[in-house]
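>>> Provided below for reference: sequence and predicted model.
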Amino acid sequence: MTLFERLFKKEQKPLPNNQDYARLFNMLYRLLQRQAPVPIGSRLTEYITLAYAFNPTVYSVISLRATAAKQIPWLVYKITNKQKFREYSAITTKTDNLYRTLKLKEQALVEVEGTPLNSLMERPNNYQTIQDFVEELWTFRDVVGNAYWNNIINPVTGKVVQMHPLPGDKVHIIGGTPMEPVAGYRINILGSETLEPEKVVHWKYPNLLWKEDGRTLYGMPPLRAAAAIISQDNMAIQGQSTAFLNEGLKGFITGTEQTDIEYTPEQAEALLEKLENSTGYKHNKKMAFHRSPLNFVKVGESPVDLGVMEARKINREILCNIFRIHPSLLSTDASTLDNFKEARKALITTSVLPDLDSLKAHFNYRVASTFGPEYYIDYDLMAISEIQDDLHTLAQTLKTMDWVTTNEKREATQYDKYADPAADKLFQAMGLQELGSDFDTGFEDIDKNL
């Protein structure tokens, strides 16, 4: 770190200085070695080479999630109502009550454009769009359990000016002290260049494989739970390929116990000449023919006999369950459009959005906060096509709610307000009668006049 960076380095919050805090962290990271790489516990690159880059099912499942995530746009807001913002942030599943979610968001946030933060969230660096950036992070996290990016920070303003993704399988955490276990990050384990922890964002899966040497600081790859399934699937793929290369089932030809039936010399010579004339093969007079019946002995079983196809189908379902997606999205079986739409919606609501909320928290804590406490980064919920059906249902519901104003209905469906003051008033249908009272039709007065 240069002298200029030290002068303008943001002040870190002091750690609690009490015995309970020190005792706890000494127990958690008792074997942590200062300035030494923290052991990962597994070779993360193998999850790329033997699973993601080799197994088509693994690649399909992970790319399906990553592609869905990168298509959701990010917007920049300013917080205008802190109380409503807390209520909006407390909603864990924003699609369960779409009307309340959109209403609170409208009351708590206002979208801003043209700020440096907008530019950063459009082009995080010189060679990637935000879609490329999110897809790379998402894929690394799903494959190896860890995703990292390095923030380039303006030393004068303290604002993030660029974000660069790091290879999730190559980054090593450098051990510090039990009180501050992460002293930095290093891409080359044998190198001496270390990235400061305040400039690196680590987005990971939870890791329950705890040990005092600090390896729990890394995320656990979801594919680790499916390692046996992936190995089995890889062997099934290789078995199918071998069967194709060998043109089917393997075996050998053998004779039987009947060895007393022989050709005469004249018959054997005639057969040799016939073989030479039909094939062009020049025999060497050492070839012999025998009348004994032959038998085919099968070696091994075919992929169908072994149930390889059925096993691969079950493996696909297990991998889909690990990443919370419906297997029908990867199935070639015929299914109705409604079933596919429901599976696609479930992919977004139960698989992608929860992880997108996790990424959003990192964006706000490590990026938006450097521009000021009033800035907030959020994904555009209404840009998700799978939510449009919910919006249509919401519109039909609002249509029957006469206790909601026209502008409130427009806000709930992401339309601008009407300037007319009448759009903020409630109206009742004429001719409504109180329950239990008589309804005057006017026919009695007409009868009297007649």
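Looks like it arrived, so ask away.
>>> pLDDT weak spots in the stretch 101-250 of the chain?
243-250 (pLDDT under 70).
>>> Now do the helices in it.
116-122, 130-144, 227-245 (DSSP state H, counting those that start in this stretch).
>>> Now render those as TSV, adding mean neighbour count and distance to residue 73.
Where you see a C-beta, it was placed from the backbone N, CA and C, and this is true even at glycine. Below are these laid out as TSV (neighbours: other CB atoms under 10 Å; distance: least, CB to CB, whole Å):
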stretch	mean neighbour count	distance to residue 73
helix 116-122	17	9
helix 130-144	23	8
helix 227-245	15	33
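>>> Which of those helices sits closest to residue 50?
Closest approach to residue 50 among the helices of the stretch 101-250 of the chain is made by helix 227-245 (6.9 Å; CB to CB).
>>> can I get the helices of the stretch 101-250 of the chain in CSV with distance to residue 83?
Listed next are the helices of the stretch 101-250 of the chain as CSV, based on distance: least, CB to CB, whole Å:
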stretch, distance to residue 83
helix 116-122, 24
helix 130-144, 30
helix 227-245, 47
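>>> and residue 28, which of those is closest to it?
The nearest among these, by CB to CB, is helix 130-144 at 23.2 Å.
>>> before we move on, the earlier item: closest to residue 275 out of the helices of the stretch 101-250 of the chain?
Across these, closest to residue 275 is helix 227-245 (CB to CB), at 29.0 Å.
>>> which strands and helices sit next to the closest one?
helix 56-70, helix 308-322 (3 or more CB pairs under 8 Å, 6 or more residues apart in numbering; DSSP states H and E).
>>> run the last query once more with 7 Å
helix 308-322 (3 or more CB pairs under 7 Å, 6 or more residues apart in numbering; DSSP states H and E).
>>> May I see the buried residues of the following helix or strand past the helix it packs on?
Where DSSP states H and E defines the elements, the next helix or strand beyond helix 308-322 is helix 337-346. Neighbour counts over helix 337-346 (16 or more other CB atoms under 10 Å) mark 343, 344, 345, 346 as buried.
>>> If you tally nearby residues, what's the number for the nearest residue to the last one once chain neighbours are set aside?
Take residue 346 and drop its neighbours on the chain: the residue closest to it by CB to CB, 6 or more residues apart in numbering is residue 326, 5.6 Å away. Applying other CB atoms under 10 Å, we find 20 residues neighbouring residue 326.
>>> give the contact list for residue 326.
320, 343, 346, 347 (CB atoms under 7 Å, 6 or more residues apart in numbering).
>>> and of the helices of the stretch 101-250 of the chain, who's closest to residue 155?
Closest among these, once you apply CB to CB, is helix 116-122, at 15.5 Å.
>>> which other helices and strands contact that closest one?
Looks like helix 116-122 contacts strand 74-79 (3+ CB pairs under 7 Å, 6+ apart).
>>> who wins for proximity to residue 21 among the helices of the stretch 101-250 of the chain?
helix 130-144 (29.9 Å).
>>> what packs against that closest one?
helix 56-70, strand 146-153, strand 160-166, strand 200-204.
>>> Make CSV from the ones you listed and add distance to residue 387 to it.
Shown next, in CSV, are the helices and strands packed on helix 130-144 (distance: least, CB to CB, whole Å):
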stretch, distance to residue 387
helix 56-70, 12
strand 146-153, 25
strand 160-166, 27
strand 200-204, 24
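>>> can you pull out the strands in the stretch 301-450 of the chain?
375-379 (DSSP state E, counting those that start in this stretch).
>>> if we can go back for a sec, how about the helices of the stretch 101-250 of the chain, which one is nearest residue 178?
Comparing those by CB to CB, helix 130-144 comes nearest, at 26.0 Å.
>>> Kindly calculate the angle that the closest one makes with helix 308-322.
110 degrees (axes from the mean of the first three to the mean of the last three CA atoms, to 10 degrees).
>>> which non-adjacent residue is nearest residue 312?
residue 236 (5.3 Å).
>>> Among the contacts of residue 326, list the two that are farthest apart in space.
Maximum distance among the contacts of residue 326 (CB to CB): 10.9 Å, for 320 and 346.
>>> can you give me the helices for the stretch 351-450 of the chain?
Under DSSP H, counting those that start in this stretch, the stretch 351-450 of the chain gives helices at 353-366, 388-399, 406-412, 443-449.
>>> Which of those helices comes out lowest on mean pLDDT?
Of all those, the minimum mean pLDDT falls on helix 388-399 (a mean of 64).
>>> Could you measure from residue 149 over to residue 216?
Relative to residue 216, residue 149 is positioned 21 Å away (CB to CB, to the nearest Å).
>>> And these two? Which one has more around it.
residue 149 (24 against 19).
>>> wait, what's in contact with that one?
137, 163, 164, 165, 166, 201.
>>> which one of these has the most neighbours?
Busiest of these [other CB under 10 Å] is residue 137, holding 25 neighbours.
>>> Show me the beta-bridge partners of the closest residue to it other than its chain neighbours.
Of all residues not flanking residue 137 in the chain, residue 147 sits nearest, at 4.2 Å (CB to CB, 6+ apart). According to DSSP bridges, the partner residues bridging residue 147 are residue 203.
>>> Surely residue 147 is in contact with residue 140?
Yes: between residue 147 and residue 140 there is a contact under CB atoms under 7 Å: 4.4 Å.
>>> any common contacting residues for the two?
Joint contacts of residue 147 and residue 140 (CB under 7 Å, 6+ apart) are residue 168.
>>> ok, the residue nearest to residue 346 to residue 344 distance?
Taken as CB to CB, the span from residue 326 to residue 344 is 8 Å.
>>> What of residue 133?
Taking CB to CB, one finds residue 133 at 24 Å from residue 344.
>>> Same check on residue 39?
Taking CB to CB, one finds residue 39 at 41 Å from residue 344.
>>> With residue 114 instead?
34 Å.
>>> What is the neighbour count of residue 349?
19.
>>> Setting aside sequence neighbours, what's the nearest residue to it?
residue 95 (5.0 Å).
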